[in-house]
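> no letters, just coordinates:
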């Protein structure tokens, strides 16, 4: 949930939300997307229908910038799906805004909202273009739309299943027509997607925090490889792929999801506290205070502090008002000591041995900056503890780790990283510790996590050339 | 050139501009589009290339709202095409903004800018959708893009020719890739498209006023059915359709085009003066002053006044500052006499016999309002003279006459219209008078004009069901 | 009415509007200010009251930018005064926005709206500051407010009269409290201020065009030195200064006022036509076409053309869409021939002897540019005729002529100016011709005009040091 | 630091910042104001000078909305003072934006930035208006400006001292001219104001967090009744009032100040932790989890949890993205359970005995809402502990407690409040506990705090009629 402009950090792709059969479907989607805002700040959109055609609005910006009362009034309907997307730049952004709306001769209007990333999007796109397809966006979602549109299957359900079976990668998706909603998750369940009920109205959301904000009750997860078909008469659960063991993205627990969300019934905040406690168990340290990098590492820091019996303190304060229009200090001013988003609290750290908990290290530049800040504020020792294993491999499922070459842990030992960031000590959580602390129920003897960014064991095929391309880019 | 929000009036669809091989191509496109702004105020866009990929920006708004210095800096390239589009409403608008950019496996990126309207767009779209095509906009331009993308012809030139041959309607279009520009006009040349030279750089524009603003020299018109292929080595002129006699839209002369533009070598202002003179010759009247509805009828009014020997006066003043955010007076305030965009000048018309020249009558509501305004300002007599024949038929080529039912002349005699608008006398120009006054050189014994909106003789096939649909709408 | 950003031209200060006792007072003020928009584009404001306190809104921008429906709803009241102000730059601008609102112990809230300029503002301000007054703006209006506030007279009427008697310069002003409106004009009547009636509701406006737009009837001018006091019971006319002969600013007729306004019963458009006719009478020329610089010189050009029997043509076209955000062409592009706001119409002027009518020459740069433009478009001869005498002296009454050193006519002969602007011939109107053509009724043997900018005969004392300061600035 | 739109909470008035003799004075002021943003979100402003005149910009909005790079470039100077102001509504707001700039005959331009509130502002204003003063804003700051301007003392220092001696209330202020800076605090030191050094450049700030963000070192507090005079040669410390014992606002420690600020050498976060620990010592409770209302009560909650040996948890999550344009849920949706800014974390509180720490109770509506939220999320018991005594009296020194009638503790017992908010138990901190936990050094036997809002013992005279007026308003 940290701002993305300044620090080197991981970025999530998107959040989806949908609700059927509620007179306030549009308003509830607004609040639902609002709760999912941390999953994407680039654009937002809602498509609504009362059965007789779509009303929709999508634009660049935060949910409360994209929608106002006037726009909301124009979006009538008792069915609605919505989407938030993370921040990139460039003209093409708006055409990437979702839900993606298109028209198909067979079923009429369709709206698509997805969270995730396809491994084989480029290959599919190239193939479709060679058949004369015209693409307007750079999003994977459009590829899915084309596959559905080109299917010759007699029903939408079959067309969607056929399309999904051509996809390799991570996706949680909602497909709405004027009289049906299809909901699916990739066969490995890499991205979270939960189902709830608000009275009689089924609700779907990338995270359960959106259920809480609208007062809906959690029902269950959408399962890997599952395809739900809902219409005005009810819901039918089918499978488009054989059951595989779930491999949910570990970083949802470590960093992305809101602390008040549950994933597969496990609360994120408490999981993070256990990560902190496990981290202390694995790598204890003598110290005077424990502090976390706000806001994402607070839970882990509390867990660490409790396990260690060391006071948890607000040793680092985040400035809440760093918006998109914030003027960045020049390099010169930065060297003179001008901070921006984080300040160390001198009185808290001065003369102290400080444990600084962070959720991850990507490029290492942020960690170095924070360690320096703590030392300048008088910390006697700075011990860095990371509540996840070292990130060594690129993600192909929707996390913007870009290029392996930028991952400091890809080619540096822990000791080398410690030296680079200037800490007195540095420890990462182990994979085993991570799995154990989160505490997912084992399915079919697997750990239930995707750990590919730590160990390179990708749950799907990955495009080797893409890996090389990514690596060659740096 | 009148604002479109208040009066019942005809609307043009678009303007296109392109320039190749000039270091300031982007800036010049900005000024070119600026000169074409009267042809479209909804959205504007520029696509530029220096051969190695497109840089582009499109957005809702006027040219000077869409572009700023920062955006301009991001649009480097020595080739550029641009587009302005007229004002509609609704979320889908931005996806209708042009130039339309898409990617094709064979030729890479393409940018399409068109002016005009297809008669068979819906039929083509339906056919394409039944083949699995995914459409994102409601614009005809996207249909053309799909046809090009789906062509199996080996070269872009052939693919474009194949696509164009499937189109029925009016179009003047520019297709840019990273190393070629294709320029075409429909076989009847319904919409204007001129070619000029700025030094060595070829320039294309919907109207020649864009040449003047950038200091380019006029070279020639793009001919009906012609397909020009330009690349970094030069230009080749081909035909994709057999030569037909030109039938340029009469309303370009009567109303749309800027007075300083020339169409087929005929200056628009002077043509309008001749329309005014002809109108007097056909329908003289005893009067004290001649006034025109600003700004579009000023030239015709001057011509009428000169021919009649009656003083031309500013009897109607237009308020220049009525912008999009202008608060419209309530019906009640309007009834109390609150005006908005036009005021009658009491001292000019009081006690006078006034000839009011207007370029056309669509629904008649504006004419009635102006006649009333002149009478309230003390005009003793109001004689309305219209510098075009009665508009009786819908246009299928890009003019928003919508529905025949809304055309007052479709089912009312001139005398009935006179009574409805409350004029002392009303006369329209004859078709013969129009053709003769504009003075186009006759090609193949034809008049060189499309007069379909006056007499129903459409130069292309028209979709009878579309005609009926339009008529049924009202 | 020409845009101010590009050409060297004269600028007006402000427009004022007021209406009492009408349920739609706020809406009508909006439309009234809208009609006065040409007198000021920097800021706009409306203060309204229903007797129990002020509701007001002022902001930078055009009337239709400053107000929207929501803001209008917040401005209830059956009394209202409004103001538009011309464009300057800088942070202090908003504090200069009017109506100026302040609170006084004796009379409660006051709102002040003025048009004009004081000669002794700086002296008064300095004196007030030495007595401890605190100024927030750079406007003369605040000086008037302070003088009223400091008066020890028992009634507001007397306090205002006392204040006005300390002012030297031009002013037309409205002072509103919760239960009275005071209206005054300086003893020379330098700025126009008219009174009208909308039913029973008195209306005041800098120009009568605002009456026409709201359907009000013109009643009379506010007289030089007059002070009107209106309350909910009626109106009383008094004098705060002995009657002087009116010396209305000549440039209101020549350039500032809207053509549909009347000043002292003389319509501006027809006065301008007479200026053009007089100009021909004084300085005839053999030519093929007459053209005016749009929009301000159109009336004079028509008058010239009619008198001369030479066709009036649109030889220069103004681009209507040059807004504040327009990107100016670089010097280089300008040299390459890129135009911005005006284009010459080649077909109209090519090979012709052209008479170009303009209303005035300030620095001469615009004239040179237009003459060049006409020659580049093929004009064989360009004869410039100016519908006013040469501007040789600074104005102290609200016209931004700045510095005499910038006035080309201050130290150049007509022949020198002709050479500088590159015309084949150049003639100005004579002062006598101006006075005669406008045709004001002579009052007390005076011409009824302020001609100070032509001949240096200022109707009031002027601050010699201010004159020198202005001259020394250049 | 909680958002002000939704909850009933206390509001701070302002923050001030100043820096002298630094080439980056403007940029550093930007970052300094940014650090003080939590003290005011309505408007922001910076005035800069290099000795030869002021450059300034003030506008409505957050610091990063008010300033951009272009505006910053226009603000050159090596001296600068800045201001942030809290959020109100209404047209008059911009005229309330600070620094307040005015011109005085004796000393030239002055800029004033103040934090605090005067008890006798209205009386002073009335007196000044009766002497003819003109006020433009509703701010106390303008009253101070007038008093300075009206002083007949020969030097600015004496004029300021004379003016300050007429003030009753709380104020921390900066007065800048082109060659001097005067810094003062009211005789009771009700508002914090610290001095630091950035190299050789003196820096002043309402809170020390602004020193940290720019890398400045803390030097000392500005003392009650002290008047510092700085010019380009150095600093001189004088007194305008005899030394009184300091009575700093308790709520700076409890709620307003940023946790990383120090006030009189006491860190705010650690003081809050001690408040929490003291609160447990005074009112222990058996419970399973401790949670705080984010963000302001987090420190106290940590302190309570540590003292109690009960785990601290994130039982309440704040949605970070509730901006000014956020659409509030309708009453109906709220009743259906739609939350906005806070959500309870079900997994954390379900089945648990929860201690909820908040910093204060104003009207009680927020507390009731949060208690309800926790119960709906499954909390078995909810014990509310408030880290301050009950607020029973209005504040006259700059905290927006408005009206005593709105203070629930003014006329309800603790038990009554408990019932109203629906808690299982409710305890407030004692005054003694507050004083002891903050741990200010006693000066002259006093506690060093203003506790007036708890016990009605105002350190200054207060206007009895104002008290009554406030009480009568409700």
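That came in fine, so what should we check first? Being a predicted model, the structure only gives us computed values, none of them experimental. Numbers count the residues shown, from 1 in each chain, chains lettered A, B, ... in the order given.
> contacts, neighbours, all on C-alpha from now
OK.
> ok, how many other residues are close to the closest residue to residue A:140 other than its chain neighbours?
Nearest non-adjacent residue to residue A:140, counting by Cα to Cα, 6 or more residues apart in numbering or on different chains: residue A:121, 5.9 Å away. Residue A:121 has 21 neighbouring residues, counting by other Cα atoms under 10 Å in any protein chain shown.
> residues in contact with residue A:121?
A:140, A:143, A:167 (Cα atoms under 8 Å, 6 or more residues apart in numbering or on different chains).
> by neighbour count, which of the residues you listed wins?
residue A:143 (25 neighbours).
> wait, isn't it in contact with residue A:127?
No. The pair residue A:143 and residue A:127 fails to qualify as a contact (Cα atoms under 8 Å) at a distance of 10.4 Å.
> returning to that earlier point: quick check, nearest of the contacts of residue A:121 to chain D?
residue A:140 (27.1 Å; Cα to the nearest Cα).
> for that closest one, phi and psi?
phi -60, psi -30 (degrees, to the nearest 10).
> show me what secondary structure element comes after the helix or strand containing residue A:65.
Taking DSSP states H and E as the definition, residue A:65 sits inside helix A:63-66. Next helix or strand after helix A:63-66 toward the C-terminus (DSSP H and E): helix A:69-73.
> how many other residues sit next to residue A:113?
Residues near residue A:113, counting by other Cα under 10 Å: 29.
> go on, the one 3 residues further on?
Look at residue A:116: counted by other Cα under 10 Å, it has 25 neighbours.
> could you find the closest non-adjacent residue to it?
Closest to residue A:116 by Cα to Cα, 6+ apart is residue A:171, at 4.3 Å.
> from the contact counts, what lies against the one helix or strand the one you found maps to?
Using DSSP H and E, residue A:171 sits in strand A:169-176. Here strand A:169-176 touches strand A:14-20, strand A:108-118, strand A:180-185, going by 3 or more Cα pairs under 8 Å, 6 or more residues apart in numbering or on different chains; DSSP states H and E.
> deepest of these, which one?
Across the helices and strands packed on strand A:169-176, averaging neighbours per residue (mean count of other Cα atoms under 10 Å in any protein chain shown) puts strand A:14-20 on top, at a mean of 30.
> who does it pair up with?
strand A:79-85 (antiparallel), strand A:201-205 (antiparallel) (DSSP bridges).
> just the ones you listed: most buried one?
strand A:79-85 (a mean of 32).
> what's in contact with that one?
A:13-22, A:25-26, A:29-30, A:33, A:36-37, A:39-50, A:63, A:97-99, A:113-114, A:174, A:176.
> pLDDT wise, what is the closest residue to chain C within chain A at?
Residue of chain A nearest chain C, by Cα to the nearest Cα: residue A:70 (12.3 Å). Looking at residue A:70, its pLDDT reads 83.
> number of residues surrounding it?
8.
> for it, give its distance to residue A:57.
11 Å (Cα to Cα, to the nearest Å).
> cool, residue A:308 as well?
50 Å.
> neighbour count for those two, which is higher?
With neighbours defined as other Cα under 10 Å, residue A:308 and residue A:57 compare such that residue A:57 has more, 23 against 20.
> so which bits of the helix ranked longest in chain A are buried?
For chain A, the helix with the greatest residue count under DSSP state H is helix A:268-282. Using 16 or more other Cα atoms under 10 Å in any protein chain shown as the test for burial, helix A:268-282 gives A:268-280.
> not counting sequence-adjacent ones, nearest residue to residue A:172?
residue A:185 (4.5 Å).
> so the one you found sits against residue A:174, correct?
No. When contacts are counted by Cα under 8 Å, residue A:185 is not listed as touching residue A:174 (9.1 Å).
> from the stretch 351-474 of chain A, which residue is nearest to chain D?
residue A:377 (8.9 Å).
> how close does that residue sit to residue A:147?
Counting by Cα to Cα, the gap from residue A:377 to residue A:147 is 57 Å.
> and for residue A:190?
Using Cα to Cα, residue A:190 is found at 21 Å from residue A:147.
> so those two - more neighbours on which side?
residue A:190 (27 against 23).
> tell me the confidence at that one?
Residue A:190 is given a pLDDT of 94.
> can you give me the neighbour number for residue A:229?
19.
> would it count as being in a helix?
No. Assessed with DSSP: H, G, I helix; E, B strand; the rest coil, residue A:229 is strand; it does not lie in a helix.
> so it touches residue A:184, yeah?
No. Taking contacts as Cα under 8 Å, residue A:229 lies outside contact range of residue A:184: 9.0 Å.
> so what's the closest residue to chain D within the stretch 51-200 of chain A closest to, chain neighbours aside?
The minimum distance from the stretch 51-200 of chain A to chain D, using Cα to the nearest Cα, falls at residue A:64 (4.9 Å). Closest residue to residue A:64 apart from its sequence neighbours, by Cα to Cα, 6+ apart: residue D:326 at 4.9 Å.
> same check on residue A:311?
residue A:289 (5.2 Å).
> my guess is the one you found contacts residue A:355. True?
Yes. Between residue A:289 and residue A:355 a contact is recorded at 6.2 Å, counting by Cα under 8 Å.
> neighbour-wise, which of those two wins?
Here residue A:289 and residue A:355 are compared on neighbour count by other Cα under 10 Å; more neighbours surround residue A:355, at 31 against 20.
> contacts for the strand or helix carrying that one, please.
Assessed by DSSP H and E, residue A:355 sits inside strand A:353-358. With contacts defined as Cα under 8 Å, 6+ apart, strand A:353-358 is touched by A:285-293, A:296-297, A:300-301, A:379-387.
> tally up the residues packed near residue A:126, please.
Neighbour tally, residue A:126, other Cα under 10 Å: 16.
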